[in-house]
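> I need the structure of the sequence given here:
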Amino acid sequence: MIKEDLIVKMTEFNAGDPKRIQHFLKVYEFAHVIGIREGLDPETLHILEMAAILHDIGIRPSEEKYGRCDGKLQEQEGPAYAKEILAQFPEVTAAETDRICYLIAHHHTYENVDGLDYRILLEADFLVNALEDDLPKEAIRKCRENVFETETGVYLLNTMFGV
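Numbering: from 1, shown residues only. The predicted structure is shown next:
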């Protein structure tokens with residue numbers, strides 16, 4: 001039940017902000033679907049799903065500290081808050097926490113992607129952001145060419161946006 005409890009914790013963390021809560025839930029579900037279809041092993045899938053739930057945890061602290069929440073600030077501020085929440089789950093290992101925090105610290109960084117979990121998190125987040133940000137089709141095509149590598153992610157992007 002770690003993931004379900006983590007979802008509740010992130011909902012509490014983002015209390016009063018249903019858009020942000022719905023965002024991480026959508027990213028989580030896309031990451032889950034892509035991870036399953038791409039054949040991630042259960043441990044990597046578990047890490048990916050926890051990272052997807054927590055990926056935007058740096059937004060609120062960035063807004064409070066800096067008055068803005070661009071991607072780099074999210075990456076900078078997020079891991080410390082993620083560690084605090086993950087510490088409440090003794091069954092989450094130090095190695096899992098390290099990888100989750102690494103993914104959070106890079107979820108807006110599109111180069112030097114070092115694993116399929118990282119790639120899938122980028123793709124899942126983009127699938128949701130493209131709609132929420134009302135990106136033009138040309139921007140979606142460009143991201144497909146430059147970021148997307150999984151067969152499932154490409155298929156979902158093409159199908160959802162008709163590109």
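
> give me the contact list for stretch 98-111.
If you take Cβ atoms under 8 Å, 6 or more residues apart in numbering as the criterion, stretch 98-111 is touched by 47-48, 50-51, 54-55, 57-58, 71-72, 74-76, 78-79, 82-83, 86, 92, 117-118, 121-122, 125, 146-147. For every residue, glycine as well, the C-beta is placed using N, CA and C.

> any idea how far Phe24 lies from Lys9?
Using Cβ to Cβ, to the nearest Å, Phe24 is found at 11 Å from Lys9.

> where do the helices sit along this protein?
Assigned by DSSP state H, the helices in the chain fall at 2-13, 18-37, 42-54, 59-66, 71-86, 94-104, 116-132, 137-146, 151-161.

> low-confidence regions, the protein specifically.
By pLDDT under 70, the low-scoring segments of the chain are 1.

> might you report the residue contacts of the residue sitting nearest the centre point of it?
With distances taken as Cα atoms, centre = their mean, Ala52 lies nearest the centre of the chain, 3.5 Å away. Neighbour list for Ala52: 24, 27-28, 30-32, 121, 124-125 [criterion: Cβ under 8 Å, 6+ apart].

> neighbour count and distance to Phe161 for these - can I get that in CSV?
Output for the contacts of Ala52, formatted as CSV (neighbours: other Cβ atoms under 10 Å; distance: Cβ to Cβ, whole Å):
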residue, neighbour count, distance to Phe161
Phe24, 24, 21
Val27, 25, 16
Tyr28, 24, 20
Phe30, 23, 13
Ala31, 29, 18
His32, 18, 20
Leu121, 27, 19
Ala124, 28, 14
Asp125, 22, 15
